[in-house]
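> Could you look at this predicted model? Sequence included:
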Amino acid sequence: MNKDFTFTIKNICFDENYHPSDNTRATTNFANLARGNSRQENLRNALKMIDNSFNAMAHWDNPNGDRYSVELEIISVDMGIEAGGQSFPSIEILKTNIVDHKTNRRIEGIVGNNFSSYVRDYDFSVLLLGHNKGQAKFSIPDGFGDLHGKLFKYFVNSNAYKQHFNKPPVICLSVSDNKTYHRTENQHPVLGIEYLPNESSLTEQYFKKMGLQVRYFMPPNSVAPLAFYFFGDLLSDYTNLELIGTISTMGTFQKIYRPEIYNANAAAGKCYQPNLKNPDHSLTQIVYDREERSRLAIEQGKFAEEYFIKPHQAVLEQWSANYAL
């Protein structure tokens, strides 16, 4: 079967005037920040943190620490399944752009960074939870993540992606709080010190089905490693400024919503176990509702089940079974 899905890519600026659209996954980091009484102050403070972090890392020829600023775009991808039918909001990612105020140049950054997906919500918050309900021992359903992984690879290899973006995506996530990470001797001038996990996580396995490999680095001025998911060669496929754009953006988000790990008062040592109950951390001046995020993930997983998985199950199963890159 040669069923072609179509992708429509939309972008909106993420700045202090940003308002989440009706189609935006409400659990997305930037959408969570952009609601409530503190919304504009939240956004302004987060963007300032990103710029400060970027300039601290890109310190060469930057004596006053104000040469660069980061502009962010929210990229929303709608997927068309049936000809003439309604499209489904498949994924949402973040694009960085770097403004060099010394040369008045705008430098394209990395796309990916944050990663939001309704189908991933379904896989983890509906399918996986349902599979393990009442079970004494945790297990993973057969074919878990297969459809999502194939859809993601299909998108990244699509003409729509290639027309909008020059390089493959890099997704930057938190480390897992149930794994142990060991410092290596490998050190990169921008990405920092590399760490290796003691074992593979479910997230690693899920992203591997999306075609992504992972490496863990603790950048300079950071206190914990970040997980970088990428195609190709992370260290040579992207420039220093491109990497700094991703690190400053996602490091800031992690400080806001995982302060116990990324705003801890002590840096990770040679053997590091992330701890979401770590009391020795500082809070940012930014309001973030972590409980709401967890609750909404389940609601959005059910939304994906009702409007995507069930109505198109036969088409999706047949496409997945015949998918070959």
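Nice, I can see it.

> Could I get the contacting residues of the nearest residue to Val119 once chain neighbours are set aside?
Excluding the flanking residues, the one nearest Val119 by CB to CB, 6 or more residues apart in numbering is His148, at 4.7 Å. From N, CA and C alone the C-beta is placed, and that goes for glycine too. Going by CB atoms under 8 Å, 6 or more residues apart in numbering, His148 touches 117, 119-120, 123, 206, 209-210.

> Give me the three-state assignment for Cys172.
Under DSSP: H, G, I helix; E, B strand; the rest coil, Cys172 falls in the strand class.

> doesn't Thr246 make contact with it?
Yes. Contact criterion CB atoms under 8 Å: Cys172 and Thr246 qualify, at 5.4 Å.

> Name the residue in the two with the higher neighbour count.
Taking other CB atoms under 10 Å, Cys172 and Thr246 do not tie; Thr246 has more neighbours (27 against 24).

> Local confidence estimate at the more buried one?
Listed pLDDT for Thr246 reads 98.

> For Leu129, what are phi and psi?
phi -60, psi -40 (degrees, to the nearest 10).

> what about the helices in this protein?
For the chain, the helices defined by DSSP state H occupy 29-33, 39-57, 118-122, 128-132, 146-156, 159-164, 202-209, 234-237, 240-257, 259-262, 290-304, 313-322.

> And these: which comes nearest Asn178?
Ranking the helices of the chain by proximity to Asn178 (CB to CB) places helix 202-209 first, at 9.6 Å.

> so how many other residues sit close to Glu242?
By the measure other CB under 10 Å, the count of residues near Glu242 is 19.

> For it, which residues are in contact?
Shown in contact with Glu242 (CB under 8 Å, 6+ apart): 96, 98, 107-110, 167.

> wait, isn't Ile9 in contact with Lys162?
No. Under the criterion of CB under 8 Å, Ile9 is not in contact with Lys162, lying 10.9 Å apart.

> Who has more neighbours out of those two?
Ile9 (16 against 10).

> quick one: the closest residue to Ile247 other than its chain neighbours from Gly251, how far?
Spatial nearest neighbour of Ile247, chain neighbours left out: Pro219 (4.9 Å); criterion: CB to CB, 6+ apart. For Pro219, the distance to Gly251 equals 7 Å [CB to CB, to the nearest Å].

> and stretch 196-208, average pLDDT?
Averaging pLDDT along stretch 196-208 gives 95.

> Residue numbering should commence at 318 henceforth.
Let's use 318 as the start, then, which means that last one is stretch 513-525.

> so how far is that stretch off the chain centroid?
Chain-centre distance of stretch 513-525: 15 Å, with CA atoms, centre = their mean, to the nearest Å.
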